[in-house]
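In: A structural model of the following input is requested.
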Amino acid sequence: MANYPPPPPGGGWAPPGAPDPYAGDRALAEWARARNYTLNPQPDVRWYQAWQPFAYLFPISRLGRELRAVIGEASLNVVEAFENDPLKEATGEHRHVITFLMSPKLAYRAAVRLRGGGAGLVDDVTKGLNDLFGSPKPKGYLGDPTFEGRYEVVGPTTDEANAALPMPLRQVLLQSSFRGILEVRGQGMVVTFFDRTGFDPATLDGTIAWVGQLYQAATQYPHVVTPR
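Out: Coordinates of the predicted model:
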């Protein structure tokens with residue numbers, strides 16, 4: 001060091017044209033304000049955990065950002081949710097984007113999950129082992145081989161599961177090649193898409209639109225339903 005002069009004082013700064021690390025956050029906030037949505041960087045995990053237990057969805061251990069919206073008689077929260085699984089953390093598969101929708105129009109309970117995995121490598125391996133060594137699963141639960149050829153279905157009873165999954169909802173799920181988990185219950189619906197994990201304006205616009213279509217189809221019951 002004796003042959004070098006002292007370095008100049010001061011620190012560095014971003015060179016001209018460097019990407020703005022907060023540009024995405026500002027774009028998300030502006031998009032939410034334009035649509036009268038509410039962004040919350042610190043949502044209460046206890047409210048979401050009160051929805052548990054789920055049939056197919058994982059237990060939620062912590063949260064990231066939350067988006068709230070009111071659409072007609074329904075209110076929905078879209079949230080970044082994380083599961084406590086070291087293997088999935090190592091592969092980056094522990095983060096999910098989940099929509100929680102609340103409406104008095106929803107009346108019955110059932111859960112739907114894409115067959116063959118799709119949530120990630122860890123889930124695919126686990127499901128494969130369960131299929132090999134686990135207890136056999138009943139087939140033809142709904143009596144709808146077309147729908148059950150693509151999706152696993154469970155409900156409190158076969159009759160209630162059939163009521164919770166009216167034909168318009170099954171058609172939307174099949175025709176849109178839905179990849180994810182859908183759980184419905186009295187006054188509530190939970191949806192996560194395996195291939196829609198972004199929390200940015202373009203992705204959230206599409207996610208909210210999809211959930212809206214699923215909700216409208218889910219409430220097209222073939223008979224009059226009194227809200228619970």
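
In: please pull out the lowest mean pLDDT helix or strand from the protein.
Out: Every helix and strand of the chain was ranked by mean pLDDT, DSSP states H and E. The lowest is helix 121-133, at a mean of 45.

In: for the next helix or strand after it, buried residues please.
Out: Next in sequence after helix 121-133, counting helices and strands by DSSP states H and E, comes helix 145-148. Under the neighbour-count criterion of 16 or more other CB atoms under 10 Å, helix 145-148 has Phe147, Glu148 buried. To be clear about C-beta, it is placed using only N, CA and C from the backbone, and glycine gets the same treatment.

In: state the distance from the residue nearest to Gly140 when sequence neighbours are not counted to Gln171.
Out: Using CB to CB, 6 or more residues apart in numbering and skipping residues adjacent in sequence, the residue nearest Gly140 is Glu148, 6.5 Å away. Using CB to CB, to the nearest Å, one gets 14 Å for the distance from Glu148 to Gln171.

In: which parts of this protein are helices?
Out: Counting by DSSP state H, the chain has helices at residues 23-34, 45-49, 86-91, 121-133, 145-148, 158-164, 167-175, 201-218.

In: least confident of those helices, on average?
Out: Per-stretch mean pLDDT for the helices of the chain is lowest at helix 121-133 (a mean of 45).

In: picking up where we left off before, so the residue nearest to Gly140 sits right up against Leu142, yeah?
Out: Yes. If you go by CB atoms under 8 Å, Glu148 and Leu142 touch, sitting 5.9 Å apart.

In: neighbours of the nearest residue to Thr219 once chain neighbours are set aside, how many?
Out: Spatial nearest neighbour of Thr219, chain neighbours left out: Lys105 (4.4 Å); criterion: CB to CB, 6+ apart. Applying other CB atoms under 10 Å, we find 17 residues neighbouring Lys105.

In: how confident was the prediction at Lys105?
Out: Looking at Lys105, the pLDDT reads 95.

In: then Pro53?
Out: 94.

In: contacts only, for it.
Out: Pro59 (CB atoms under 8 Å, 6 or more residues apart in numbering).

In: OK, contacts around Asp144?
Out: Contacts of Asp144 by CB under 8 Å, 6+ apart are Arg170.

In: now do it against Met167, distance only.
Out: Distance of Asp144 to Met167, given as CB to CB: 9 Å.

In: for Arg65, find the nearest of the helices of the chain.
Out: Evaluated over these, closeness to Arg65 peaks at helix 23-34, with 8.2 Å, by CB to CB.

In: for stretch 25-41, buried residues please.
Out: Leu28, Trp31, Ala32, Tyr37, Leu39.

In: got the end-to-end distance for that stretch?
Out: 11 Å (CA to CA, to the nearest Å).

In: chain center to that stretch, what's the gap?
Out: Here the centre of stretch 25-41 is set off from its chain's centre by 19 Å, with CA atoms, centre = their mean, to the nearest Å.

In: tell me which residues are up against it.
Out: Taking CB under 8 Å, 6+ apart as the rule, stretch 25-41 contacts Arg65, Glu66, Leu67, Arg68, Ala69, Phe199, Asp200, Pro201, Leu204.

In: only the buried subset of those, as a ChimeraX command please.
Out: To isolate the buried ones among the contacts of stretch 25-41 in ChimeraX, judged by 16+ other CB under 10 Å, type:
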select :65,66,67,68,69,199,201,204
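
In: show me which pair in the contacts of stretch 25-41 is furthest apart.
Out: Arg68 and Asp200 (16.8 Å).

In: still on that earlier bit, ok, which of the helices of the chain comes nearest Phe194?
Out: Closest among the helices of the chain, using CB to CB: helix 121-133, at 9.1 Å.

In: great, nothing more from me.
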